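# sharing a sequence plus its predicted fold:
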Amino acid sequence: MASVLVLNASYEPLQRVSVRHAIRMVVRGVAVIEEALEDRTFGAFPEPKVLRLVRYVSMKWRHARRPGWSKAGVYRRDRGRCGYCGRSGDSIDHIVPVSRGGASSWENTVLACRKCNHKKADHLLAECGMILLLVPKAPTWDQLMN
């Protein structure tokens, strides 16, 4: 399902929500539609693409810590590309395998295509002769919104 970008009252990106959630926000009067898809409706409402909150929400929590690790976050951070060959990626690979003490963290995971993921399997990069095309690091909140 499509997602809708939610902006703070100050036009800062906050998060993405489902279309159903976005419509509920509009009905409750919490947000207004800033941008909608042309010729598409959701019930009596135009299908929103971008919402803006009516009241400002403090984002101290966002600046106090980095985003938590998630598979969806790795897909967004790596922009859908395999970290080993650059083709379209469809699975998460641990650089240091979990079986060898690796953790599910931003610095230890990359998006990988099935071919590269199977080739690497539970080996270290040096053992299978593969290299990373990118340096995995924790993304900012803004990078995850795009």
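Structure received. Residues are numbered from 1 along each chain as shown.

# which parts of this structure are strands?
3-7, 13-18, 31-42, 45-53, 91-94, 109-112 (DSSP state E).

# ranking those by burial, who's on top?
By mean neighbour count, with neighbours taken as mean count of other Cβ atoms under 10 Å, strand 109-112 ranks first of the strands of the chain at a mean of 25. Where C-beta positions appear, they are placed from N, C-alpha and C, glycine not excepted.

# who does that one pair up with?
strand 91-94 (antiparallel) (DSSP bridges).

# how close does residue 129 sit to residue 58?
Residue 129 sits 50 Å away from residue 58, going by Cβ to Cβ, to the nearest Å.

# where does the prediction get shaky in this structure?
Scanning the chain for pLDDT under 70 picks out the ranges 1, 60-63, 146.

# which helices and strands does the helix ranked longest in the chain pack with?
In the chain, taking DSSP state H as the definition, the longest helix is helix 19-28. On a contact count with 3 or more Cβ pairs under 8 Å, 6 or more residues apart in numbering; DSSP states H and E, helix 19-28 meets strand 3-7, strand 31-42, strand 45-53.

# which positions in that helix come out as buried?
19, 22-23, 25-26 (16 or more other Cβ atoms under 10 Å).

# cool, stretch 129-146 as well?
Buried-residue list, stretch 129-146, by 16+ other Cβ under 10 Å: 130, 136, 139, 141, 144-145.

# ditto for stretch 87-104
89, 92-96, 102.

# that one: how far from the chain's middle?
Its chain's C-alpha centre lies 17 Å from the corresponding centre of stretch 87-104 when counted by Cα atoms, centre = their mean, to the nearest Å.

# which residues touch that stretch?
69, 71, 74-75, 78, 80-84, 108-114, 116-117, 120-125, 132, 136 (Cβ atoms under 8 Å, 6 or more residues apart in numbering).
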